[in-house]
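**Q** generate a structure from the sequence data that follows.
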Amino acid sequence: MSKLDEPTMNNHAGSPATTATPTTDVENPTHGVGFGVSVITRQWKREELLKRGSLIARGLAFLFSFLSFIIMASNNHGDWKNFDNYEEYRYLLAIAILSILYTGGQALRHVNAIWKGKQILEQRISAMVDFLGDQLVAYLLISSASSAIPLTNMMREEQDNIFTDSSASAISMSFFAFLSLALSAMVSGYKLSTQSYI
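**A** Model prediction:
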């Protein structure tokens, strides 16, 4: 049952409005977030951190891809224990080579940009190339690792030897390269999303 006689919390024509007006001190203004030199220096520091973070992530991806390549290429132990007898391991090796070339080239481009202070490509195009390249190579790395895992697991069930251990370590290095490039892809995606297209 509703009580029509009781006053409610709604504003009636007779009740005063309770809106607070902010008081501003015209002679001594306090600047909020977004004003001054400190914001600009924070933005510069953030951009430098992103540049260096992207370079470190690509450097790690280069290192892990190189290790994966070396481990898999040296995984020849005679008879059935040669990596080139298996399509999955050849695929892992080929993608490791592509990753080495891509991450090495990108790392050199970033070192050049940091060292000389100017970009080889226009900033907008560079951000797009970084993002798409990181995404593509990261996908290829995880694809190659996931194609080689079932073969390695099947071989390890039958017998565990140096060939399967080397294969497992090469797969692990490819996975770590994927993680590094995934981190770099997140950074380059952030840089791409903050680009001004005007």
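
**Q** please count neighbours and contacts with C-alpha atoms only from this point.
**A** Fine.

**Q** contact partners for Q106?
**A** With Cα atoms under 8 Å, 6 or more residues apart in numbering as the criterion, the residues that contact Q106 are R58, D130.

**Q** change it to 10 Å
**A** Contacts were defined as Cα atoms under 10 Å, 6 or more residues apart in numbering; by that measure Q106 touches S54, L55, R58, G59, F62, I100, N112, V129, D130, G133, D134.

**Q** state the helix or strand in which it lies.
**A** helix 87-116 (DSSP states H and E).

**Q** related to what we said a few turns ago, any chance of a ChimeraX selection covering the buried ones in the contacts of Q106?
**A** To isolate the buried ones among the contacts of Q106 in ChimeraX, judged by 16 or more other Cα atoms under 10 Å, type:
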select :54,55,58,59,62,100,129,130,133,134
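
**Q** how about the contacts of Q106 in CSV, adding pLDDT?
**A** What follows is the contacts of Q106, written out as CSV (pLDDT from 0 to 100):
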residue, pLDDT
S54, 85
L55, 88
R58, 92
G59, 93
F62, 96
I100, 96
N112, 86
V129, 89
D130, 89
G133, 94
D134, 93
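
**Q** taking the contacts of Q106 one by one, which sit in helices?
**A** Judged by DSSP state H, helices contain the following of those: S54, L55, R58, G59, F62, I100, N112, V129, D130, G133, D134.

**Q** need those residues in TSV (columns: distance to D84).
**A** Rendered in TSV, the data for the ones in helices among the contacts of Q106 read as follows (distance: Cα to Cα, whole Å):
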residue	distance to D84
S54	34
L55	33
R58	28
G59	28
F62	23
I100	19
N112	37
V129	33
D130	32
G133	27
D134	27
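
**Q** check which residues of the helix holding Q106 are buried.
**A** Of all the residues in helix 87-116, those buried under the rule 16+ other Cα under 10 Å are 88-97, 99-100, 102-104, 106-107, 109-110.

**Q** what sits closest to R109 if chain neighbours are left out?
**A** Distances taken as Cα to Cα, 6 or more residues apart in numbering put I120 closest to R109, at 7.4 Å, once the chain neighbours are dropped.

**Q** neighbours of the one you found, how many?
**A** I120 is flanked by 11 other residues according to other Cα atoms under 10 Å.

**Q** any idea how far it lies from S193?
**A** Applying Cα to Cα, to the nearest Å, the value for I120 to S193 is 20 Å.
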